[in-house]
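Asker: Sequence and predicted structure are below.
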Amino acid sequence: MASGLPTAGGTGSPAAATSPPGASSQPSAGSSTPSSAATATAGDPATVAAIKSIIERANQEQQDAFSKGDPTLMRDTATSDYYQEMVKVNSDLANAGVSAIKLLKLEWGEIRLTGQGTAQATTFETWETTYSDGSTDQVREQNVYTLVQESGAWKIKADDHPNSNPGLPPGPSVSSPSGPGTPSPSSSPTPGATVSPADLSRNWAGYAATSGTFTGVTGTWTVPESQGGAGFSGAATWVGIGGVHSRDLIQAGTMVTTDAAGNVQYQAWMETLPQAARPVRLAVKPGDSVTVSVSEQSTDLWLIRFENHTTGETYQTTVRYSSSRSSAEWIEEAPSAGRRIVPIGNFGVVQFSGGMAVQNGRSVTIAESGAQPITMAGPNGGTLASPSPLTPDGQGFTVTRSDAITPTPSRSQGSGA
């Protein structure tokens, strides 16, 4: 059940920042995935069963209340204040273009008594949200319920989300990767550079495959920690389809940005050019192992899926998008802001693994796809970030940030312009 309020999304696509019920928080890094039974309990079995029953009933009542437009169905499982919160949650979901909500899976964490007539229960809930345009998304996240006894019956008093980014508002507009687009070759690489101009980009470093038709791409990486440095900067890690020789691009990944005061922000995001990037409701932090995939389910219907292996959280959504299917990419990027490239942050080293694509209907590794390396060069030449050779399995590589060059903002070229 959601206590964080959703925000409306754009027309024709799901609102990635909209929170389906039960989906506004993540467990702490390193937490293990719970089993279907409570991992720890305090109190007799009858008390535990009663607490589980009230949460299960409350979730079902929220679904029924939303579908029938009758919030009073939620009254018997909630305290008066919490009931008013849930009435507003359902109202905001409807106003955000949500047409249906459904609990797909409920996993139990710890259940414990916290005092006389009070208890706390942790769940991991997977909710599916359907939007008025027919698109859907799914989120698996953590809920920590506070329950109290009223007239001898358990009721939900609060649903806290201790590790959440409530509403997940994007940072300053310049912090979102608004259209990195086509790698823009450097016209004047530094004499003696170890890469040829054909392999250079002003904003991309990594690998791109351009031979064939691509309907899927996936990759795994560890979210890098900002290594510091003065001034505003950003670094986005992503996989995508299209954009090398075309102006279409569907992409998803993670990003770290640093503002002028040195404040660092981490987030997951997705983008379908020419629409602006938008954050997705999946918390990420340095050291998290994340897998991201983009795959076509049917003509122009794409599934974008995130899995944070460190926290056990997942997010997925379907979007309608007309793609050229002309390339597949595994990229570390200096994201764009308006028509300018944000200075690339000092991300250290990013390790990609599990890099796969669906090329001409066949699942292939990065190596088998014929992907070529791309090195990021500064406006005056020199290397800003460079990929390593592929690992022996053909599925991985590293991108290393060079400390030798201090990047400066420059005019963006290609799809992001």
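Answerer: Arrived safely, thanks for sending.

Asker: Distance check, the residue nearest to residue 63 when sequence neighbours are not counted against residue 84.
Answerer: In this structure, residue 63 finds its nearest non-sequential neighbour in residue 101, 5.8 Å apart by Cβ to Cβ, 6 or more residues apart in numbering. Placement of C-beta: from N, CA and C, glycine included. Applying Cβ to Cβ, to the nearest Å, the value for residue 101 to residue 84 is 19 Å.

Asker: higher neighbour count, the two?
Answerer: The residue with more neighbours, out of residue 101 and residue 84, is residue 101; 24 against 12, by other Cβ atoms under 10 Å.

Asker: That one: what's it in contact with?
Answerer: Applying Cβ atoms under 8 Å, 6 or more residues apart in numbering, we find residue 101 in contact with 20, 21, 62, 63, 66, 93, 127, 128, 129, 130.

Asker: isn't the fifth one right next to residue 100, touching?
Answerer: Which is residue 66. Yes - assessed by Cβ atoms under 8 Å, residue 66 is found in contact with residue 100 at 7.4 Å.

Asker: quick one: which of these two has more around it?
Answerer: Taking neighbours as other Cβ under 10 Å, residue 66 and residue 100 compare with residue 66 leading, 24 against 14.

Asker: Tell me if I am right that that one is in a helix.
Answerer: Yes - according to DSSP: H, G, I helix; E, B strand; the rest coil, residue 66 belongs to a helix.

Asker: Give me the nearest residue to it, chain neighbours excluded.
Answerer: In space, and not counting its chain neighbours, residue 66 is closest to residue 90: 5.0 Å by Cβ to Cβ, 6+ apart.

Asker: does that neighbour sit in a helix or strand, and which one?
Answerer: Per DSSP states H and E, residue 90 falls inside helix 80-95.

Asker: how close does the closest residue to residue 81 other than its chain neighbours sit to residue 88?
Answerer: Leaving aside its chain neighbours, residue 81 sits nearest to residue 157 (7.6 Å; criterion: Cβ to Cβ, 6+ apart). Going from residue 157 to residue 88 by Cβ to Cβ gives 16 Å.

Asker: cool, and residue 249?
Answerer: 37 Å.

Asker: what do you get for residue 301?
Answerer: Distance from residue 301 to residue 88, by Cβ to Cβ: 32 Å.

Asker: Residue 129 now?
Answerer: 17 Å.

Asker: Test my guess that residue 296 contacts residue 217.
Answerer: No - with contact defined as Cβ under 8 Å, residue 296 does not reach residue 217; the gap is 10.2 Å.

Asker: More neighbours: these two, which one.
Answerer: Shown here are residue 296 and residue 217; by other Cβ under 10 Å, residue 217 has more neighbours (28 against 18).

Asker: Note down every partner strand of the host helix or strand of the more buried one and its orientation.
Answerer: Here residue 217 sits within strand 214-222, counting by DSSP H and E. Counting by DSSP bridges, the strands paired with strand 214-222 are strand 289-298 (antiparallel), strand 349-359 (antiparallel).

Asker: by contact count, what packs against the next helix or strand after it?
Answerer: Using DSSP H and E, the helix or strand that follows strand 214-222 in sequence is strand 233-241. Where contact means 3 or more Cβ pairs under 8 Å, 6 or more residues apart in numbering; DSSP states H and E, strand 233-241 is packed against strand 214-222, strand 250-258, strand 289-298, strand 328-333.

Asker: and the angle from the second one to strand 289-298?
Answerer: Right, the one you point to is strand 250-258. 150 degrees (axes from the mean of the first three to the mean of the last three Cα atoms, to 10 degrees).

Asker: starting at the chain centroid, how far to strand 250-258?
Answerer: 8 Å (Cα atoms, centre = their mean, to the nearest Å).

Asker: Can you list the low-confidence ranges for the stretch 101-250 of the chain?
Answerer: 133, 161-198, 228-231 (pLDDT under 70).

Asker: show me where it has strands.
Answerer: Along the stretch 101-250 of the chain, the segments classed as strands by DSSP state E, counting those that start in this stretch run 118-131, 136-150, 153-160, 200-201, 204-209, 214-222, 233-241, 250-258.

Asker: Tell me which of the ones you listed approaches residue 348 most closely.
Answerer: Closest to residue 348 of the strands of the stretch 101-250 of the chain, according to Cβ to Cβ: strand 233-241, at 9.5 Å.

Asker: Now stretch 297-315: average pLDDT?
Answerer: In this model, stretch 297-315 carries a mean pLDDT of 95.

Asker: for that stretch, how far is the first residue from the last?
Answerer: 17 Å (Cα to Cα, to the nearest Å).

Asker: Any regions of the stretch 301-417 of the chain where pLDDT drops low?
Answerer: For the stretch 301-417 of the chain, the ranges with pLDDT under 70 are 337-341, 379-381, 403-417.

Asker: that older thread, with just CA atoms, put the helix holding residue 90 into PDB.
Answerer: The C-alpha trace of helix 80-95 is given here as PDB (Å, rounded to 0.1, in the frame of the first residue of the first chain):
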ATOM      1  CA  SER A  80      -8.800   7.300  10.800                       C
ATOM      2  CA  ASP A  81      -5.700   9.300   9.800                       C
ATOM      3  CA  TYR A  82      -4.300   6.500   7.700                       C
ATOM      4  CA  TYR A  83      -7.600   6.000   6.000                       C
ATOM      5  CA  GLN A  84      -7.600   9.600   4.900                       C
ATOM      6  CA  GLU A  85      -4.100   9.100   3.500                       C
ATOM      7  CA  MET A  86      -5.200   6.100   1.400                       C
ATOM      8  CA  VAL A  87      -8.200   8.000   0.100                       C
ATOM      9  CA  LYS A  88      -5.800  10.600  -1.300                       C
ATOM     10  CA  VAL A  89      -3.400   8.000  -2.600                       C
ATOM     11  CA  ASN A  90      -6.200   6.400  -4.700                       C
ATOM     12  CA  SER A  91      -7.400   9.800  -5.900                       C
ATOM     13  CA  ASP A  92      -3.900  10.900  -6.900                       C
ATOM     14  CA  LEU A  93      -3.400   7.600  -8.800                       C
ATOM     15  CA  ALA A  94      -6.600   8.200 -10.800                       C
ATOM     16  CA  ASN A  95      -5.600  11.700 -11.500                       C
END
